[in-house]
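# structure, please.
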Amino acid sequence: MINLDADAIRQSIGEAAAARLSDFNVFPEIESTNTYLMRQEGPLPGRLLVAATNNQTMGRGRHGRTWQSPPGSGLCMSFAYTFGVQPANLPALTLAIGIGVIDALESTGVGGVRLKWPNDLMADEGKLGGILTESQSRSSGEITVVTGVGINVDLGDGSDLGREMDSARRIADIAGIATVLPKHEDLAARLIDSLCATFVDFETEGFDRYVQQWGERDWLFGRELAIDMQQQQVTGTGAGIADDGALLVDIGEGMIRRVTSGSVVLL
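Residues are numbered from 1 along each chain as shown. I've put the predicted structure just below:
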């Protein structure tokens, strides 16, 4: 396994992100980059902390799931950003981050990635990665958000591991969809650039900036699906997202159901 080159990443970060970067840590191995940043003191408003590894041993997904991948096969990064005032539609930040991740991938030559509401990266009909967002409120009214991004780069023979372990869905990696495999360091630098811009833009413009882009990359649109919610299950056809980021489901007879939380599976 080859560890990430922290100096190479730092040298490739753009000026705008570098000016907001309070600290950047690369780990040869760590249990969870999100857990690490959640335990740190949040950065000042408008500033960014980043942790990165290609060997995460206890990665976390939504609903307490575990994300695992063979050492060196993926890229795991977490970003802590402090908003001076909590944004009006904070849950939609995860969706905006998805657009930022796709922008970073496309800047390294990796195309064809789409978004499965609310937090999955999809490619070649398989899960390429995922996003996990957590937050910590402060008494001052500021709020620090920690967003983790996990991407399968080259799973090799370990393709059965690059997933949330209680899910049997198909898995994808960059090696299977890209003509040229980007270096981990190049992808890490572009993610820092892109997600720093996403945090800043979301703070000033909210989710409005991303609604159209998300719709163009909506993997669920037109697909038959079911959403498991706390006390019920909704079935229907993906009908896009609302302006606030809620999933829209056509449940028949001209009725559209809004869904703001739940686990989505295809039928």
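# can we go C-alpha only for contacts and neighbour counts from here?
OK.
# can you pull the pLDDT of the residue nearest to D23 when sequence neighbours are not counted?
Excluding the flanking residues, the one nearest D23 by C-alpha to C-alpha, 6 or more residues apart in numbering is L49, at 5.1 Å. pLDDT, L49: 98.
# L49 belongs to a helix?
No - counting by DSSP: H, G, I helix; E, B strand; the rest coil, L49 falls outside a helix, being strand.
# for this structure, give me the ranges with low pLDDT.
Low-confidence segments of the chain (pLDDT under 70): 1, 59-69, 157-169.
# again, 90 this time
The chain contains residues with pLDDT under 90 at 1-3, 57-73, 137-141, 156-170, 229-232.
# so where's the longest helix in it?
In the chain, taking DSSP state H as the definition, the longest helix is helix 184-205.
# other SSEs contacting the helix or strand just after it?
Per DSSP states H and E, the first helix or strand lying C-terminal to helix 184-205 is helix 211-216. When contacts are defined as 3 or more C-alpha pairs under 8 Å, 6 or more residues apart in numbering; DSSP states H and E, helix 211-216 sits against helix 93-107, strand 233-241.
# what comes up buried for helix 211-216?
V211, W214, G215 (16 or more other C-alpha atoms under 10 Å).
# which residues sit against the lengthiest strand in the chain?
Longest strand of the chain, by residue count under DSSP state E: strand 126-137. Identification of contacts with strand 126-137 by C-alpha atoms under 8 Å, 6 or more residues apart in numbering yields 38, 60-62, 94, 97-98, 119-122, 143-152, 163, 169-174.
# list the buried residues of that strand.
Result for strand 126-137 [16+ other C-alpha under 10 Å]: buried residues K127, L128, G129, G130, I131, L132, T133.
# how close does the closest residue in space to T260 that isn't next to it in sequence get to S261?
When the adjacent residues along the chain are set aside, T260 lies closest to A246, with 5.0 Å between them (C-alpha to C-alpha, 6+ apart). Counting by C-alpha to C-alpha, to the nearest Å, the gap from A246 to S261 is 8 Å.
# name the element R258 belongs to?
strand 255-259.
# helices and strands around that strand, which ones?
Strand 255-259 packs on strand 247-252, going by 3+ C-alpha pairs under 8 Å, 6+ apart.
# what residues sit buried inside the strand it packs on?
So for strand 247-252, counting by 16+ other C-alpha under 10 Å, buried means L247, L248, V249, D250, I251.
# cool, and stretch 76-91?
Buried-residue list, stretch 76-91, by 16+ other C-alpha under 10 Å: C76, M77, S78, F79, A80, Y81, T82, F83, G84, P87, L90, P91.
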